[in-house]
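A.B. asks: After the sequence you'll find the predicted model.
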Amino acid sequence: MCGIVGIVGHTPVNQMLYDGLLLLQHRGQDAAGIATADGAMFHMHKGNGYVRDVFRTRNMRDLLGHAGIGHCRYPTAGSATSDLESQPFYVNSPFGITLAHNGNLTNSEALKRELFQLDFRHVNTNSDSEVLLNVLALELERAAHHSRLDANAIFTAVAGVHRRSRGAYAIVAMIAGYGLLAFRDPYGIRPLIIGVNEAMGGTEYVVASESVALEALGFEVLRDVAPGEAIFIDLAGRFHSRQCAENAVLMPCIFEYVYLARPDSVIDGASVYESRLCMGGELARKIRGIPQAQDVDVVIPIPDSSRPSALELANTLGLKYREGFVKNRYIGRTFIMPGQALRKKSVRQKLNPIGMEFNDKVVLLVDDSIVRGTTSREIVQMAREAGAKKVYFASASPPVRYPNVYGIDMPNQHELVATGRTEAEIANEIGADLLIYQELDALKRAVRTTNPRLEEFEASCFDGKYVTGDITADYLSHLASERKETRGEEEAEEQRLELVSGN
């Protein structure tokens, strides 16, 4: 999961790109970068950290041009990566191209070997985004007419990318001297939306991961980029589009609606906020049929993304809704924390209970999901220490039992608390008196209520069905092995830091 934005305007776009990345900061807090196009010349600045920390006034002054792209990175490998892997990436052959990518390729290693052995292109990092950039550059070279590009050649190149690439990818790219290219994988797993603005100099366009970035920048939502579709906006502001994939079908990642996206965004025509309200309503109907759950005194959300679900749940059941935890907003997401030990340590720095809301009460805690269980266990313990008589725990989504290979940090099945455990065993693992999970059909129904045209979803972390059809047991085993290696390095580094700090 990353945030991407691309703009073609009639005035300098550096500030708009920066503001767009701030609005997408929730999608990636590890690194950020902006590349602008001033005619055929690129200007780029990127680095590790939050958007506000990467860019200074001097950097912004150097980002000249009326078109550009931006990226905020979330490391899907589960650990902080080299600043060499911050995006956008750049190649200068056969055309100057900068590219930013949200998602994850599932055949990046095979593509990397092909690029080196057959196409004589070298990839410098471990990032699948750089692989995608080189595949695009190669396809553009093949499609170019007499070393010149037009919209038809660009769309032919994107069709070539679709044929060779597997996995999830939403892309924004700048081609030097030509314009902005954006496209989405044939399943539309990761979101991408187009906005338009009628300015004094003419029509301006923006493409971004979520609608919230468009609206806050003053753009009107035009539509979502369709699965397999490519959008090309030349530097004069002319808009071109074409379906470039065979048998494209919309199957958006359902976890976007559960957790990843901002509640004020609309993704593929479905309101994230309304979807979460409906999740709460569906969960309430399940709880109504559970005899052990009829003594609840108060419903308390785990801030922030579970609030709409908890509120609708409480209203549907006629229960009190209370804010029982205060969140420290200056601590990063524990979901993105690189190591298990760091995640555990950060929970109590991030949340603090309000004792009066727990003391001598049967408390129903509501969270959007339970992934590793570390955070849930700490929160249940905090509720007990604050005086709760009983602690029930409800998840607005089903058990996460399978790795996500499409850009979310769930690569190792053995790290997931639900793997190989019953609901009762998971409840015992996190210390809850009762655990209630959403049913998968109910979750899909909740999102579909906000847009009935959404017939299918990518829900592999819940059902183990990988829509791209190329995920094997060997592939998952290899991911697990890589993950174990990475975690060993992280734990060694954490121990070293503890020794240095004296903690």
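C.D. replies: Received, thanks.

A.B. asks: where do the helices sit along the stretch 1-150 of the chain?
C.D. replies: For the stretch 1-150 of the chain, the helices defined by DSSP state H, counting those that start in this stretch cover 14-23, 51-54, 57-62, 108-117, 128-143.

A.B. asks: So for the longest one, what gets flagged as buried?
C.D. replies: In other words, helix 128-143. Neighbour-count burial for helix 128-143, counted by 16 or more other C-beta atoms under 10 Å, picks out 128-141, 143. To be clear about C-beta, it is placed using only N, CA and C from the backbone, and glycine gets the same treatment.

A.B. asks: now swap in stretch 167-183 and tell me
C.D. replies: Under 16+ other C-beta under 10 Å, the buried positions of stretch 167-183 are 167-176, 178-183.

A.B. asks: and if you look at stretch 158-165?
C.D. replies: 158-162, 164-165.

A.B. asks: So which of those belong to helices?
C.D. replies: 158-162, 164 (DSSP state H).

A.B. asks: possible to save those as a markdown table with pLDDT and distance to Ile254?
C.D. replies: Below are those laid out as a markdown table (pLDDT from 0 to 100; distance: C-beta to C-beta, whole Å):
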| residue | pLDDT | distance to Ile254 |
| --- | --- | --- |
| Val158 | 98 | 26 |
| Ala159 | 98 | 28 |
| Gly160 | 97 | 30 |
| Val161 | 97 | 25 |
| His162 | 98 | 23 |
| Arg164 | 96 | 27 |
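
A.B. asks: So what's the model's average confidence on stretch 361-375?
C.D. replies: The pLDDT scores in stretch 361-375 average 95.

A.B. asks: Pull it out as PDB, backbone CA atoms only.
C.D. replies: Extracted in PDB, the C-alpha atoms of stretch 361-375 (Å, rounded to 0.1, in the frame of the first residue of the first chain):
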ATOM      1  CA  LYS A 361     -18.400  -2.500  33.000                       C
ATOM      2  CA  VAL A 362     -18.800  -5.200  30.400                       C
ATOM      3  CA  VAL A 363     -17.000  -3.600  27.500                       C
ATOM      4  CA  LEU A 364     -17.400  -4.500  23.800                       C
ATOM      5  CA  LEU A 365     -14.300  -3.300  22.000                       C
ATOM      6  CA  VAL A 366     -14.600  -2.900  18.200                       C
ATOM      7  CA  ASP A 367     -11.700  -2.900  15.800                       C
ATOM      8  CA  ASP A 368     -11.600  -2.900  12.000                       C
ATOM      9  CA  SER A 369      -9.500  -6.200  11.900                       C
ATOM     10  CA  ILE A 370      -7.200  -8.400  13.800                       C
ATOM     11  CA  VAL A 371      -4.000  -9.200  12.000                       C
ATOM     12  CA  ARG A 372      -1.100 -10.300  14.200                       C
ATOM     13  CA  GLY A 373      -3.000 -10.000  17.500                       C
ATOM     14  CA  THR A 374      -0.200  -8.100  19.200                       C
ATOM     15  CA  THR A 375      -2.100  -4.800  19.300                       C
END
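
A.B. asks: thinking again about what came up before, among the helices of the stretch 1-150 of the chain, which is nearest Ser395?
C.D. replies: helix 14-23 (27.7 Å; C-beta to C-beta).

A.B. asks: what's the closest residue to Glu256 other than its chain neighbours in contact with, if anything?
C.D. replies: Computed as C-beta to C-beta, 6 or more residues apart in numbering, the closest residue to Glu256 that is not its neighbour in sequence is Ile267, at 5.7 Å. Residues counted as contacts of Ile267 (C-beta atoms under 8 Å, 6 or more residues apart in numbering) are 191, 193, 210-211, 224, 252, 256-257, 261.

A.B. asks: ok, what's across the strand from Ile267?
C.D. replies: Counting by DSSP bridges, Ile267 is bridged to Ala270.

A.B. asks: Find me the pLDDT at it, would you?
C.D. replies: We have a pLDDT of 97 for Ile267.

A.B. asks: Can you give me the neighbour number for the spatially closest residue to Leu115 that is not a sequence neighbour?
C.D. replies: Among residues not flanking Leu115 along the chain, Arg121 sits closest, at 4.3 Å (C-beta to C-beta, 6+ apart). Close neighbours of Arg121, defined as other C-beta atoms under 10 Å, add up to 19.

A.B. asks: on that earlier part again, save the helices of the stretch 1-150 of the chain as JSON lines, and put in distance to Glu323 and mean pLDDT too.
C.D. replies: Converted to JSON lines, those look like this (distance: least, C-beta to C-beta, whole Å; pLDDT from 0 to 100):
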{"stretch": "helix 14-23", "distance to Glu323": "25", "mean pLDDT": "98"}
{"stretch": "helix 51-54", "distance to Glu323": "27", "mean pLDDT": "95"}
{"stretch": "helix 57-62", "distance to Glu323": "38", "mean pLDDT": "96"}
{"stretch": "helix 108-117", "distance to Glu323": "43", "mean pLDDT": "89"}
{"stretch": "helix 128-143", "distance to Glu323": "39", "mean pLDDT": "95"}
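
A.B. asks: Which one of the ones you listed lies nearest to Leu311?
C.D. replies: Once the helices of the stretch 1-150 of the chain are compared by C-beta to C-beta, helix 14-23 is nearest, at 23.8 Å.

A.B. asks: what residues are up against Pro263?
C.D. replies: Counting by C-beta under 8 Å, 6+ apart, Pro263 makes contact with 272-273, 276, 305, 308.

A.B. asks: Of those residues, which belong to helices?
C.D. replies: Cross-referencing those against helices under DSSP H gives 272-273, 276, 308.

A.B. asks: so how far is the helix or strand where Val363 lies off the chain centroid?
C.D. replies: Per DSSP states H and E, Val363 falls inside strand 362-367. Remark: strand 362-367 is offset 26 Å from the chain centroid, using C-alpha atoms, centre = their mean, to the nearest Å.

A.B. asks: Residues in contact with the helix or strand following that strand: which ones?
C.D. replies: Note on strand 362-367: by DSSP H and E, the next helix or strand toward the C-terminus is helix 374-385. When contacts are defined by C-beta under 8 Å, 6+ apart, helix 374-385 is touched by residues 300, 302, 324-325, 334-335, 340, 343-344, 347-348, 351, 353, 358, 363, 365, 367, 370, 391, 393, 417, 429-432.

A.B. asks: distance between the ends of stretch 397-412?
C.D. replies: End-to-end distance of stretch 397-412 (C-alpha to C-alpha, to the nearest Å): 19 Å.

A.B. asks: And stretch 364-380, by the same measure?
C.D. replies: 10 Å.

A.B. asks: Relative to Glu141, how far out is Phe120?
C.D. replies: Distance, Phe120 to Glu141, by C-beta to C-beta, to the nearest Å: 12 Å.

A.B. asks: The closest residue in space to Ala151 that isn't next to it in sequence: helix or strand, and which one exactly?
C.D. replies: Spatial nearest neighbour of Ala151, excluding adjacent residues (C-beta to C-beta, 6+ apart): His240 at 4.2 Å. Using DSSP H and E, His240 maps to strand 239-243.

A.B. asks: so what strands line up beside that strand?
C.D. replies: strand 229-234 (antiparallel).

A.B. asks: Give me the contact list for the partner strand.
C.D. replies: Strand 229-234 is contacted from outside by 8, 151, 154-155, 158, 178-184, 194, 205, 207, 225, 239-245, 248, using C-beta under 8 Å, 6+ apart.
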